[in-house]
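1. sharing a model that was predicted from the sequence below.
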Amino acid sequence: MHIILLGPPGAGKGTQAKSMSESLGIVHISSGDLLRDHQVRGTELGNTARSYMQQGLLVPDELIIGMIEERIRLPDAQVGYVLDGFPRTVEQAQALEKALEDQGEAIDRVVNISVSEEELVLRLGGRWICRQCQRPYHEVNSAPRKQGVCDDCGGDLYQREDDVPEAVSRRIKVFAEQTAPLIRYYREKGNLVGVDGEGSIEAVRESLLSAVA
Ligand code: AMP
């Protein structure tokens, strides 16, 4: 099973991809988490990606494509995966298709999660993330039991540098300009399903699971 979750920053892709991967027994692959991990490890890719990410801009296609191609070839990914944050451009989508074709595979389903811009700004402004397991929280909508501490693993919670207002509006604009064309791209291929991302986490989860069933 190969699933792509499309949607603007703050649509809930990370939360939902994690939960879907657990329900379906497939791997969750987040391009943003992979890049943040490269930064923590101080790799060349991590260092190059940092300034793009801080500004809310896309990291160049050739860097991202190589990183994802490598990730989907690892043995654990052979059971299938849900991609969160990739592809974000038509060029990335074409490269992914080619990589899958080379493995004799294809994308099974693309789910577009839609959320209004107003709601995205509210969500990203109050977002806190676990440094250890990447679980996201929201200071109003889904606060941790103990402030600053992850309910699941006890890790420290932090706010992403690109969740500051200026980067948030840039990311929403970048989505509209560079990533939204993918909605049409996949609709024309016939494997796109739309899901309303404004319900509760549980309601969106149910809609997503039926969308890929
Ligand atoms: P995310 O965690 O998905 O919100 O991604 C955080 C940041 O990482 C984005 O704003 C981009 O700077 C970068 N990034 C993640 N995925 C991609 C991608 N597929 N293409 C280009 N840049 C990406």
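-> Arrived safely, thanks for sending. Numbers count the residues shown, from 1 in each chain.
2. tell me the residue in this structure that is farthest from the middle.
-> Most distant from the centre of the chain: residue 146, at 25.9 Å, with distances by CA atoms, centre = their mean.
3. regarding that residue, what are the backbone dihedral angles?
-> Per-residue torsions, residue 146: phi -120, psi 130 (degrees, to the nearest 10).
4. for residue 114, same thing?
-> Residue torsions, per degrees, to the nearest 10, at residue 114 are phi -110, psi 140.
5. same check on residue 93?
-> phi -60, psi -40.
6. which one is it nearest to, not counting chain neighbours?
-> Nearest in space to residue 93, with sequence neighbours left out and distances taken as CB to CB, 6 or more residues apart in numbering, is residue 87 at 4.1 Å. From N, CA and C alone the C-beta is placed, and that goes for glycine too.
7. touching, the one you found and residue 58? I think so.
-> No: Residue 87 is beyond contact range of residue 58, at 10.6 Å (criterion: CB atoms under 8 Å).
8. neighbour count winner among those two?
-> It is residue 87, of residue 87 and residue 58, that has more neighbours when counted by other CB atoms under 10 Å, with 26 against 20.
9. so residue 123 sits right up against residue 142, yeah?
-> No: contact criterion CB under 8 Å: residue 123 and residue 142 do not qualify, at 9.9 Å.
10. between these two, who's got more neighbours?
-> Taking other CB under 10 Å, residue 123 and residue 142 do not tie; residue 123 has more neighbours (22 against 17).
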